[in-house]
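1. my questions are about this predicted structure, shown below with the sequence.
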Amino acid sequence: MLHCPRNFLRTALFCSAFLQAASLSAASAADPTGDWRVADGVANIRVAQCNGSMWGAVAWEKTPGGRDTNNPDVSKQSRPTLGMPILIDMKKKAGLNQWEGQVYNAKDGQSYSATITPVGDDQLEIKGCVLGFLCGGETWTRVAPPIPSSPANSMAKGVAPKTVGAAPKTAAPKSPAPPALAAKGGQKGAQQPADPVGDICLLPDIAGFAH
C-alpha cells in the first residue's frame, strides 16, 4: 500500500493559501489613477495621487466650454468645468483597495461623501451618499493608463499652475477610442489631440488645497 508523506497535505494547503493570497494581492493592486470616461460619456475624469491623496479633475468634455453655473459660491459660477476637481482629497481606507473622500456634483453644485474602488484594470466604481443615506453610484471606464505618482507627472513636467480654459475642439474625438487602444496611445501615426489639462496636481484648486 502506498503511503503519502505526512507533510503532503500541509504542503498542498500551504500552496493553495499562497496562490489565493497572491491572487488577492494582484486584485488589490488595481490602480485608480489615469483617465476615466464617466457613465453617460459626457466627460473624462483624470485621477492622480497628489501628496498622498487621490484627486480627480475633468480632463475632457464632450461639449467644450462648460461652466460651474450651479455652484452655490457665486464667485465660482463662472469657472470652467474643464480642470475642475470632481474627486476631492480621497484617502485610502486601511486594508482595502478603496479611497474615501468627497465627490463634487456639478449638476447640483453639491459635494457628497464618496468612495472610489477599482474593479479590475478597466473600471472604477464611484459611490456617493448624502448624510450617510440616499446613496447612489456609477461605474467609469478607463480610457488612459495609470499615472505615475510624482510631484509633477510625466505628462506635464515643467508646467506651472494654471487656470484651465475651454478645451479646443480637437480635444473631443468624434467617437470614444476603445480603452485598450487608448492605453497604448492609439494607432501608430495617429495624431493625438492636445492635452489642455496636463498634471492635475498642478491645478490651483488642487495644489492650493494639498499644500
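-> Everything's here; your move. Numbers count the residues shown, from 1 in each chain.

2. okay, now the sheet partners of the strand of greatest length in the chain, with direction.
-> Longest among the strand segments of the chain by residue count, using DSSP state E, is strand 133-144. Sheet pairing of strand 133-144 (DSSP bridges) gives strand 34-37 (antiparallel), strand 123-130 (antiparallel).

3. after the first one, next one along is what?
-> Sequence order places strand 43-50 as the next helix or strand after strand 34-37, per DSSP states H and E.

4. give the other helices and strands that that next one contacts.
-> Packed against strand 43-50 by the contact rule (3 or more Cβ pairs under 8 Å, 6 or more residues apart in numbering; DSSP states H and E) you find strand 34-37, strand 53-61, strand 85-92, strand 133-144, helix 204-210. Where C-beta positions appear, they are placed from N, C-alpha and C, glycine not excepted.

5. any idea which of the ones you listed gets closest to Ser113?
-> strand 133-144 (9.1 Å; Cβ to Cβ).

6. could you list the buried residues of the closest one?
-> Trp140, Thr141, Arg142, Val143, Ala144 (16 or more other Cβ atoms under 10 Å).

7. what number of residues lie near the residue lying closest to Met90 once chain neighbours are set aside?
-> Leaving aside its sequence neighbours, Met90 sits nearest to Gly101 (Cβ to Cβ, 6 or more residues apart in numbering; 3.3 Å). Residues near Gly101, counting by other Cβ atoms under 10 Å, number 19.

8. same question, the one 4 residues further on
-> Per other Cβ under 10 Å, the neighbour tally for Asn105 reads 13.

9. how about the buried residues of strand 133-144 in a markdown table, adding pLDDT?
-> Output for the buried residues of strand 133-144, formatted as a markdown table (pLDDT from 0 to 100):
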| residue | pLDDT |
| --- | --- |
| Trp140 | 97 |
| Thr141 | 97 |
| Arg142 | 98 |
| Val143 | 97 |
| Ala144 | 95 |
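
10. closest to Ile126 among those?
-> Nearest to Ile126 among these: Trp140, at 6.4 Å, using Cβ to Cβ.

11. give me the number of residues near the nearest residue to Asn105 once chain neighbours are set aside?
-> Distance criterion Cβ to Cβ, 6+ apart; nearest residue to Asn105, sequence neighbours excluded, is Tyr112 at 6.6 Å. Tyr112: 17 surrounding residues under other Cβ under 10 Å.
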